[in-house]
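**Q** Sequence first, predicted model second:
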Amino acid sequence: MNFVYLYIVALFLGFTHSFEIDHLAAVSNLMFRNKKQSILIKSGILWGVGHTTSILVIGLLTVILTVQINDSIYRYLESGVGLMLIILGISKITKLFKKTTDEVDSHTHHLAYKIGIVHGLAGSGSVVALSVTATHSFVQGLVYLLLFGLGSIVGMFLVSYLFSYLFHKKASNTMRWLRVGAFVSSFLCVFLGGYILYNNLLQIT
């Protein structure tokens, strides 16, 4: 019964993990790369799948191969998240000046999956450590990580659905609105990415 409670907690933590500010910034940037709501929702799900993939890989390396990952490595990975956000923001702003909006559907999906992988690598340390300390066997730890990942997929599905609905359904959906929203989202990505990058590199040095 204790493990049932633990697995429920894993689902909840994965769900709430989706709502961290850097995740929301990246997904909001994705929302302005395509006007098709179905594509945007699928992109959010693929973000969660990519995020889960990273956590499972790190978890398997840590538990099975007993690979020790130094805390400074995670700092560099967090810095990578900051750099990724900056690149996302700048690339979208560049396309706005070129007056291009929609991207190919497959490109949006691939980008979402890669973003999820980067976020998962950066946040895997605390998740894997918690699964190891909270469980007593490899199978239990694996189930914990899978449920955490499932929670993050569900959470990001909800986030992408709400964002796509607000940005592309409730709004006027005019080109002017989309460009303004894309610029604001991109600026936030650059600003937040710069903060994350500076803060983590400062702690490394």
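**A** Sure thing, it's come through.
**Q** helices or strands up against the lowest-mean-pLDDT helix or strand in the chain?
**A** Sorted by mean pLDDT, DSSP states H and E, the helices and strands of the chain end with helix 105-134, the least confident at a mean of 82. On a contact count with 3 or more Cβ pairs under 8 Å, 6 or more residues apart in numbering; DSSP states H and E, helix 105-134 meets helix 2-17, helix 21-31, helix 37-63, helix 71-97, helix 138-165. For glycine as for every other residue, the C-beta is placed from the backbone atoms N, C-alpha and C.
**Q** buried sites along the first one?
**A** Applying a neighbour-count criterion of 16 or more other Cβ atoms under 10 Å, the buried positions in helix 2-17 are 6, 7, 9, 10, 11, 13, 14, 15, 17.
**Q** so how far is residue 147 from the fifth one?
**A** To tie it back to what came earlier, the one meant is residue 11. Separation of residue 11 from residue 147 (Cβ to Cβ, to the nearest Å) stands at 5 Å.
**Q** Just the pLDDT for residue 171.
**A** Reading off the confidence values, residue 171 has pLDDT 54.
**Q** from now on call the first residue 12
**A** Sure, I'll start counting at 12 from here, so that last one is residue 182.
**Q** hang on, the earlier thing: quick check: which of the helices and strands packed on helix 116-145 is nearest to residue 193?
**A** Relative to residue 193, the nearest member of the helices and strands packed on helix 116-145 by Cβ to Cβ is helix 82-108, separated by 5.8 Å.
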